[in-house]
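Enquirer: Have a look at this prediction, sequence included:
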Amino acid sequence: MCGRYTAGRHRPEKAEKALAELIQSQWPVIPPRFNVSPGTRIPVIRLAPETGAELTELKWGLLPHWCTEPRVAYNTINAMAETVESKASYRVPFRKRRCLVPADGWFEWQALPRGKQKWWFHLADDSDFCFAGIWDRWQRGDQIVETCSLIVTDAADSIKHIHDRMPAIIDPADYRYWLDPAVEDVPALKELLKPARDALEAVSVANPKQPRDDDPALIKAAAINPEPPALMRDLF
């Protein structure tokens, strides 16, 4: 799963270029964030017939439109690519309400005998990109709650030794197709959710002193803790 990511740029450059013809109004500047967490409002790109491609903010953690109460569960922050078209919480958003989530990296924790090692993954060319996302609108009377989920898939071969899953990254050439609510070709859409084809880099980083810390130091390389002595290692 993906529970933390980074969006350290003021503008989603690749998305702006790929969607230029669909952008009808000025997109807002994105405040850089280096520790985006579930339950917070995150930048999301979606396509609306009346306004074109828009950059808005939705709460991370999908609340299905059919829920009786507006309570977001932590287990809906990620939708699995393998079952996103069939799970009750995700099947309608996958067909009708797909979105893009601008980012420039994400975090995962590798389980090791000495404990968990935190890694920051990003594209080797250090460019921005967009995760595949889905969103939904819960409404009861005048109360409206809009939320989203990231779609996760198998990890690319280059990082499988660290973690077996990763967020699905949409190729810029497919942005318009992915966003178009008129597209309902499930097999074709799922083909876009393959492991990243671009080269990835993994950087070992330190855990923040506080879970809510949010600054560029969180993505700076940090030494990997050494293996425990052989005798102690045998005790794990």
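Expert: Structure's in. What do you need?
Enquirer: Any regions of the protein where pLDDT drops low?
Expert: 225-236 (pLDDT under 70).
Enquirer: Would you map the strands across it?
Expert: 5-7, 33-36, 41-48, 52-60, 78-80, 98-103, 105-112, 115-123, 129-140, 143-154, 165-167, 200-205 (DSSP state E).
Enquirer: Put together a markdown table for the ones you listed, with distance to Ile224 on each row.
Expert: C-beta: built from backbone N, CA, C; applies to glycine. Listed next are these as a markdown table, based on distance: least, C-beta to C-beta, whole Å:
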| stretch | distance to Ile224 |
| --- | --- |
| strand 5-7 | 20 |
| strand 33-36 | 20 |
| strand 41-48 | 29 |
| strand 52-60 | 29 |
| strand 78-80 | 26 |
| strand 98-103 | 24 |
| strand 105-112 | 9 |
| strand 115-123 | 6 |
| strand 129-140 | 26 |
| strand 143-154 | 24 |
| strand 165-167 | 20 |
| strand 200-205 | 5 |
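Enquirer: what's the most buried one of those strands?
Expert: The highest average neighbour count among the strands of the chain, using mean count of other C-beta atoms under 10 Å, belongs to strand 98-103 at a mean of 26.
Enquirer: and that strand, what does it pack onto?
Expert: Judged by 3 or more C-beta pairs under 8 Å, 6 or more residues apart in numbering; DSSP states H and E, strand 98-103 is in contact with strand 5-7, strand 41-48, strand 129-140, strand 143-154, helix 175-179.
Enquirer: Output those as CSV; include the columns distance to Lys87.
Expert: Converted to CSV, the helices and strands packed on strand 98-103 look like this (distance: least, C-beta to C-beta, whole Å):
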stretch, distance to Lys87
strand 5-7, 22
strand 41-48, 20
strand 129-140, 11
strand 143-154, 10
helix 175-179, 19
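Enquirer: follow-up on the earlier one: figure out which of the strands of the chain is closest to Lys194.
Expert: strand 143-154 (6.7 Å; C-beta to C-beta).
Enquirer: Tell me which strands the closest one pairs with, and in which orientation.
Expert: Note on strand 143-154: by DSSP bridges, its sheet partners are strand 52-60 (parallel), strand 78-80 (parallel), strand 129-140 (antiparallel), strand 165-167 (antiparallel).
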